[in-house]
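Asker: Below: sequence and its predicted model.
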Amino acid sequence: MRVFLFALVLFCQLAMAAPPSPSTPPGPQARALSAFIAKKKFLPEALYPGAMNEPERLRFEATINALAMQLQPLADRPNPKEKLMAAFKAAYPAWENEDTEERERAVGYFEELMGILGVKSSNGVLNRLLYGFDPGQSPAARNAQALAAMTAEERGFAAKLEALRVENAEAFLVAALGPPTTVAGGMQLWMKPNDPGFMLSLTRQPKGAIVWMVKDRFLYTKAL
């Protein structure tokens with residue numbers, strides 16, 4: 001019995017003294033994420049002029065790196081798409097008030113992260129974040145989606161837009177919204193000071209069209 005107890009104690013001591021087993025080495029996606037985080041970002045490129053100054057560049061870079069570090073648990077794991085798109089949706093508002101060039105470059109980095117994690121398509125998520133709509137959708141599908149997002153009052157206004165023609169569109173819009181905020185290049189634009197997300201434009205050349213957008217909610221178009 002004493003021999004057994006001695007052997008048991010010795011085994012426990014050896015087990016405690018044994019060096020820890022080596023951790024699993026990082027997989028290819030984890031290594032690619034680390035390389036992505038390490039590289040400088042928002043430098044001048046062919047279609048991007050670069051950040052305005054170094055403090056701005058470092059701020060933009062830190063924001064993208066924070067997103068990349070958040071994605072590390074998804075590396076080398078199956079089916080990361082749903083969590084990746086959720087992370088993009090949560091991260092993009094940090095870019096909404098930046099210039100167009102920075103927003104587009106940030107979404108370019110989002111695409112790089114998709115490639116690293118093996119996700120081939122965002123199914124329109126990145127376009128909706130960047131432009132407020134998916135350019136790949138047909139007008140009918142986009143309008144159906146817009147109507148579903150509208151309030152009852154907005155759907156009533158959309159029904160009135162559908163009845164318009166080139167010859168009466170301007171008069172109706174002026175009566176409903178007041179004088180246009182901006183007139184330029186054959187386009188009239190209406191915005192609401194108390195609703196900065198509202199924008200409606202009327203063009204009559206070469207073919208008439210109305211484009212009505214409420215930021216982060218819908219885009220509705222009407223050919224005249």
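Answerer: Cool, got the structure. Residues are numbered from 1 along each chain as shown.
Asker: And for the nearest residue to Phe198 once chain neighbours are set aside, the neighbour number?
Answerer: Among residues not flanking Phe198 along the chain, Lys192 sits closest, at 4.4 Å (C-beta to C-beta, 6 or more residues apart in numbering). The C-beta positions use only the backbone N, C-alpha and C, and glycine is treated the same way. Residue crowding around Lys192 was assessed by other C-beta atoms under 10 Å; the count is 14.
Asker: May I have the beta-bridge partners of Lys192?
Answerer: Beta-bridge partners of Lys192, counted by DSSP bridges, are Asp195.
Asker: Is Ile210 located within a helix, as I assumed?
Answerer: No: the assignment for Ile210, made by DSSP: H, G, I helix; E, B strand; the rest coil, is strand rather than a helix.
Asker: Distance check, Phe198 against Arg217.
Answerer: Going from Phe198 to Arg217 by C-beta to C-beta, to the nearest Å gives 10 Å.
Asker: Which residue ranges make up each domain of the protein?
Answerer: If you go by automatic domain parsing, the domain ranges for the chain are 28-131, 139-223.
Asker: Export those as JSON lines, with columns for mean pLDDT.
Answerer: Putting the domains of the chain into JSON lines (pLDDT from 0 to 100) gives the following:
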{"stretch": "domain 28-131", "mean pLDDT": "94"}
{"stretch": "domain 139-223", "mean pLDDT": "92"}
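Asker: Excluding covalently adjacent residues, which one is nearest to the residue most central in space within the chain?
Answerer: The residue lying closest to the centre of the chain (C-alpha atoms, centre = their mean) is Leu129, at 3.4 Å. Among residues not flanking Leu129 along the chain, Tyr92 sits closest, at 4.5 Å (C-beta to C-beta, 6+ apart).
Asker: Could I get the contacting residues of the one you found?
Answerer: Going by C-beta atoms under 8 Å, 6 or more residues apart in numbering, Tyr92 touches 106-107, 129.
Asker: again, 10 Å this time
Answerer: 67, 103, 106-107, 110, 125-126, 128-130 (C-beta atoms under 10 Å, 6 or more residues apart in numbering).
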